[in-house]
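Undergrad: Sharing a model that was predicted from the sequence below.
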Amino acid sequence: MGQDGEAPSDYQSFAVVTASSLVFIVNLQISLDTSYWTFVSCFAVLGSIAIYFGIMFDIHSAGIHVIFPSVFTFTGAAPNALRQPYLWLTIILTVGISLLPVICIQFLHKTIWPSVGDKVQRNKSKYLQQAEEERKRRSQDEPSAFVRNRASRRSAYAFSHTPGYANLISSGQSIRRRATAHGGAQERRRRPEVV
């Protein structure tokens, strides 16, 4: 029995509670499976719940009953059902019980079989410390060694205008070419000799 003395124990109230529970369950499960939240994904999840309630209240309204009296006969079933607190409790319990196995499976899967990303997140400080030690070790081992992609390195354009290297660059001998199994000898024959 509800607070207003009514007992919404008809099939229409049962259908409203079941459909509402199903919409919440599906959207919350999609939320649990979504890794990257964008505006579109938020709109899809929250918008589908809002559209469901909008259509449901519209179907059970008196205005659509006046237009199509033989099709929409259950006027006020949704507002009457969703006014009862114990039906909302039923929806919340149904959603919780239905999502509990999904949450448990995800928890056990991340605990027993963690992915590489999960392992890194769990031991983030350890990996950061290892990377810092590796960087320090490299800088101590080779302080004056040539490092690729260093910003202070001279560009190829400046290198090409250095006296004595113009022939080497213009002939293409300074460019490394991959030697294929059958075309390597032909490639070597095509290169011009530097005199």
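TA: All right, it came through fine.
Undergrad: Okay, and Ile49 sits in which element?
TA: Ile49 is part of helix 39-59, with elements assigned from DSSP states H and E.
Undergrad: helices or strands up against that helix?
TA: Packed against helix 39-59, as judged by 3 or more Cβ pairs under 8 Å, 6 or more residues apart in numbering; DSSP states H and E, are the following elements: helix 11-33, helix 77-82. Every residue, glycine included, has its C-beta placed from N, CA and C.
Undergrad: quick one: average pLDDT of it?
TA: Helix 39-59 shows a mean pLDDT of 91.
Undergrad: same deal with stretch 19-32?
TA: 94.
Undergrad: Tell me the buried residues in it?
TA: Buried residues in stretch 19-32, counted by 16 or more other Cβ atoms under 10 Å: Ser20, Ser21, Val23, Phe24, Ile25, Asn27, Leu28.
Undergrad: Return it as PDB; C-alpha atoms alone will do.
TA: Coordinates of each C-alpha in stretch 19-32 appear next as PDB, following Å, rounded to 0.1, in the frame of the first residue of the first chain:
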ATOM      1  CA  ALA A  19      11.000  -1.300 -17.900                       C
ATOM      2  CA  SER A  20      12.500   1.400 -15.700                       C
ATOM      3  CA  SER A  21      14.700  -1.200 -14.000                       C
ATOM      4  CA  LEU A  22      15.800  -2.600 -17.400                       C
ATOM      5  CA  VAL A  23      16.700   0.900 -18.800                       C
ATOM      6  CA  PHE A  24      18.700   1.700 -15.700                       C
ATOM      7  CA  ILE A  25      20.500  -1.700 -15.700                       C
ATOM      8  CA  VAL A  26      21.500  -1.500 -19.400                       C
ATOM      9  CA  ASN A  27      22.700   2.100 -19.200                       C
ATOM     10  CA  LEU A  28      24.700   1.500 -16.000                       C
ATOM     11  CA  GLN A  29      26.300  -1.600 -17.500                       C
ATOM     12  CA  ILE A  30      27.300   0.500 -20.600                       C
ATOM     13  CA  SER A  31      28.700   3.000 -18.100                       C
ATOM     14  CA  LEU A  32      30.800   0.400 -16.400                       C
END
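Undergrad: hmm, which two among the buried residues of stretch 19-32 are most spread apart?
TA: Spanning the widest gap among the buried residues of stretch 19-32 are Ser20 and Leu28, at 12.4 Å by Cβ to Cβ.
Undergrad: from memory Ser20 sits against Ile91, does it?
TA: Yes - at 5.5 Å, Ser20 counts as touching Ile91 under the criterion of Cβ atoms under 8 Å.
Undergrad: now Thr111: how far from Cys104?
TA: Using Cβ to Cβ, to the nearest Å, Thr111 is found at 10 Å from Cys104.
Undergrad: Val16: what's it in contact with?
TA: Met56, His60, Ala77, Ala78, Ala81, Leu82 (Cβ atoms under 8 Å, 6 or more residues apart in numbering).
Undergrad: Let me have those in JSON lines, adding distance to Val95 and neighbour count as columns.
TA: As requested, the contacts of Val16 are exported to JSON lines (distance: Cβ to Cβ, whole Å; neighbours: other Cβ atoms under 10 Å):
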{"residue": "Met56", "distance to Val95": "17", "neighbour count": "20"}
{"residue": "His60", "distance to Val95": "22", "neighbour count": "22"}
{"residue": "Ala77", "distance to Val95": "21", "neighbour count": "20"}
{"residue": "Ala78", "distance to Val95": "18", "neighbour count": "24"}
{"residue": "Ala81", "distance to Val95": "16", "neighbour count": "24"}
{"residue": "Leu82", "distance to Val95": "15", "neighbour count": "20"}
